[in-house]
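Chemist: what would the 3D arrangement of this be:
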Amino acid sequence: MRDNRHESNQDRAREQEDSVENLLAYLGEGEDRDQQRQEEGSLGAESHEERKEIRGEKKDSDPSGGNQSIEGKEMNAEEGREGAKRIPSRLDEVLHRLETELGYKTSFDLVVREMTFGEKKTAMFCLNGLAMSTMLTEVLKRLTYLHPEDLDSDALHAFLDLYVPASQATKEENWEKLVTSVLAGGTAFFIDGEATAIMIDAKSFPARGPEEPSLEKVVRGARDGFIETLMVNISLVRRRLRDPQLRYELVQIGERTKTDVCIAYIDDIVDKKLLESIKKKISMVKVDGIPLADKQLEEATIKRGWNPFPLVRYSERPDTVASHLLEGYVAIFVDTSPSVMTLPTTYTDLMQHAEENRQTPFIGTYLRWVRFLGILASLFMLPLWLLFVMHPEFKPPFLEFLGPNKTGKLPLFVQFLLAEVGIDLMRMASVHTPSSLATAMSLVAAILIGDIAVQTGVFVNEVILYMAIAAIGMFATPSYELGLANRIVRLVLLVAVALFNAPGLMICTTLILIMLVCERSMNRPYMWPIIPFDAKALWSIIIRKPLLHNRTRPNVLRPQQRNKMPDTN
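Modeler: Sure thing, here's the model as predicted:
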């Protein structure tokens, strides 16, 4: 026993000695390692400096190194933009992106409906007020019948082609296009695990019913008119033109508003160069938005500056737009606007009305002549009468009765200016006055301006009479914009007569005529068919021809098919 204990004690002593020797060896090796690290650190610093020098030499010797880094940054930025355009595959990332970019949970009209169909998480995203809730409810109702075995590995294909009961459903992989479609009234359907969404066209815009336009009323004819919804407007024209060649091209204008603009034309009639010119001008419009719709688009594309004359024709009647398309014009629809632009246009085209074509050729010609005479009277009656009063020697013998019996307390020129401003004030007041008070306003205006103003000597009777005739001629102008431009011309002629008498009238009229002759609407002469002279076309404007005698389209439009009558062979 003692021998065994003695041997065990000796073994323990040997183990302790071995552990002490190992510890001392370890400490020695640690010192060696520290010394080696210090030496390596100094060598590393030297090598680091050498590497920096080598890099500097490489930068100096290789001038393209900086460009490569710039190109790398640009590639990374482009990859970042591409990533921002992709739709996240995870549903929680989609919801987070909707919250950060579109204000989900902040804007109350953004609606996200999360549901699980066949153990597959989904989310439906739309705008409250712009989406058809009844149709979306039917879609969700149909999807509630799904079971897990109904969905295979390709869930997107199953939802899109088999289980979403919508007549218009498409795939969308671009995030920006998806957001734009939803803001336009569409609905996005996200599926967890899919980087592609399903766009459902279930739009429902707040809109009024089609009714007759207040500016283009007719005794006989259709009572419908354009409204503020684009789809309704193009449908009204399509109903009248069941031509397979009718084309509707849709573009979006505005970085923020992304307003829908539709370019309508008949493919085998319209001049292709004219069409391409209009498309190019519209595509060059770079603005934040066009909330005022067609007027802002006109200013951005036509760029007429301070010219008061309209270079496009507006219409709120579907039959008028349809007839212009058949002639070879191009129509431009803008969403949220009840007016449609037709391009190009001429001065004589703006003087025509749909009522002339709703009557017999004889009555239509008579109405057209009366309208032309009214427009000419609104332009030249007041300047000529003022000239005859200032220079009685210019009056022919059969106009000796013209002239005021008394001049009044104010000069005639000042009376005309006051009357012009007064009529403009009444017109603006009638626009802003409720319909129930319009009659009372007209009575007050008639008493104040028509009776009391004459009795007090501010106006003379002749000024009121001729001013009323000029105002009637302006209101008889079919184009509201042309009527306002003619009023400016009348004021300019009055000022010219008051300052320079007969030479002023002649020179000013000549300058205005030259300005109109030099004006062009989409590279078409504005004063056609007067200048350049086209006898046949001018005769068609003076005389309202019967339908079967009006066989050719206007050559100013350069249509592909000049003959209106179809080939009977």
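Chemist: residue 252 against residue 262, yeah?
Modeler: No - at 10.6 Å, residue 252 does not count as touching residue 262 under the criterion of CB atoms under 8 Å. Just so you know, the C-beta spots here come from the backbone N, C-alpha and C atoms, and that holds for glycine as well.
Chemist: of those two, who's got more company?
Modeler: Set residue 252 next to residue 262 and count neighbours by other CB atoms under 10 Å: residue 262 wins out with 20 against 13.
Chemist: now do that one against residue 310, distance only.
Modeler: Distance, residue 262 to residue 310, by CB to CB, to the nearest Å: 21 Å.
Chemist: kindly report the same for residue 421.
Modeler: 23 Å.
Chemist: likewise residue 87?
Modeler: 45 Å.
Chemist: could you do residue 520 as well?
Modeler: Distance from residue 520 to residue 310, by CB to CB: 13 Å.
Chemist: then residue 558?
Modeler: 22 Å.
Chemist: so the two - more neighbours on which side?
Modeler: Neighbour count, other CB under 10 Å: between residue 558 and residue 310, residue 310 has more, with 23 against 15.
Chemist: before we move on, what SS does that one have?
Modeler: coil (DSSP: H, G, I helix; E, B strand; the rest coil).
Chemist: nearest spatial neighbour of it, chain-adjacent residues omitted?
Modeler: Leaving aside its chain neighbours, residue 310 sits nearest to residue 481 (3.8 Å; criterion: CB to CB, 6 or more residues apart in numbering).
Chemist: do the same with residue 402
Modeler: residue 388 is the one closest to residue 402 (CB to CB, 6+ apart), at 5.7 Å.
Chemist: what sits against that neighbour?
Modeler: Residue 388 makes contacts with 394-395, 399, 402-403, as judged by CB atoms under 8 Å, 6 or more residues apart in numbering.
Chemist: repeat for residue 519
Modeler: Neighbour list for residue 519: 307, 309, 311, 526-527 [criterion: CB under 8 Å, 6+ apart].
Chemist: for the residues you listed, which one is nearest residue 513?
Modeler: Distance ranking of the contacts of residue 519 against residue 513, using CB to CB, places residue 527 first at 8.1 Å.
Chemist: Validate this expectation: residue 402 resides in a strand.
Modeler: No - counting by three-state DSSP, one finds residue 402 to be coil, located in no strand.
Chemist: that one: neighbour count?
Modeler: When neighbours are counted by other CB under 10 Å, residue 402 registers 15.
Chemist: so it touches residue 385, yeah?
Modeler: Yes - in this structure, residue 402 is within contact of residue 385 by CB under 8 Å, at 6.5 Å.
Chemist: in what helix or strand does the residue nearest to residue 402 lie?
Modeler: For residue 388, the host element (DSSP states H and E) is helix 361-390.
Chemist: shouldn't residue 189 be within a strand?
Modeler: Yes - assigned with three-state DSSP, residue 189 falls within a strand.
Chemist: show the pLDDT at it.
Modeler: At residue 189, the model reports a pLDDT of 95.
Chemist: likewise residue 361?
Modeler: Residue 361 carries a pLDDT value of 94.
Chemist: was I right about it contacting residue 545?
Modeler: Yes - assessed by CB under 8 Å, residue 361 is found in contact with residue 545 at 6.5 Å.
Chemist: pLDDT below threshold where in the protein?
Modeler: Low-confidence segments of the chain, defined by pLDDT under 70, span residues 1-84, 436-450, 567-569.
Chemist: about what we covered before: ok, so of the contacts of residue 388, who is nearest residue 466?
Modeler: Proximity of these to residue 466 (CB to CB) peaks at residue 402, which lies at 9.6 Å.
Chemist: so who does that closest one touch?
Modeler: The neighbourhood of residue 402, defined by CB under 8 Å, 6+ apart, consists of 385, 388-389, 395.
Chemist: top of those by number of neighbours, please.
Modeler: Using other CB under 10 Å as the neighbour test, the contacts of residue 402 are led by residue 385, with 24 neighbours.
Chemist: I'd like to know how far that one sits from residue 466.
Modeler: Distance, residue 385 to residue 466, using CB to CB: 6 Å.
Chemist: now swap in residue 241 and tell me
Modeler: Residue 241 sits 45 Å away from residue 466, going by CB to CB.
Chemist: the more surrounded of those two?
Modeler: residue 466 (19 against 16).
Chemist: state the distance from that one to residue 403.
Modeler: Distance, residue 466 to residue 403, using CB to CB: 12 Å.
Chemist: and if you look at residue 136?
Modeler: Counting by CB to CB - residue 136 and residue 403 are separated by 75 Å.
Chemist: more neighbours, the two?
Modeler: Each of residue 136 and residue 403 has its neighbours counted (other CB under 10 Å); residue 136 has more, 20 against 13.
Chemist: verify the stated contact: that one with residue 186.
Modeler: No - counting by CB under 8 Å, residue 136 sits too far from residue 186 to count as a contact (11.0 Å).
Chemist: which neighbours do the two have in common?
Modeler: Counting by CB under 8 Å, 6+ apart, the common neighbours of residue 136 and residue 186 are 126, 200, 202.
Chemist: residue contacts, the spatially closest residue to the first one that is not a sequence neighbour?
Modeler: Of all residues beyond its chain neighbours, the one nearest residue 126 is residue 187 (4.1 Å), with distances taken as CB to CB, 6+ apart. Contacts were defined as CB under 8 Å, 6+ apart; by that measure residue 187 touches 124-126, 131, 136, 199-202.
Chemist: neighbours of residue 465, how many?
Modeler: Neighbour number of residue 465 under other CB under 10 Å is 11.
Chemist: excluding chain neighbours, what is closest to residue 283?
Modeler: Nearest one to residue 283, counting by CB to CB, 6+ apart, is residue 251 at 7.1 Å.
Chemist: report the separation between that neighbour and residue 331.
Modeler: With distances taken as CB to CB, residue 251 is found 14 Å from residue 331.
Chemist: okay, these two: which has more neighbours?
Modeler: A direct count of neighbours by other CB under 10 Å for residue 251 and residue 331 places residue 331 higher, at 24 against 13.
Chemist: what sits against residue 213?
Modeler: Contacts of residue 213 by CB under 8 Å, 6+ apart are 225-226, 316-317, 338.
Chemist: of those residues, closest to residue 278?
Modeler: Using CB to CB, residue 226 comes nearest to residue 278 of the contacts of residue 213, at 19.6 Å.
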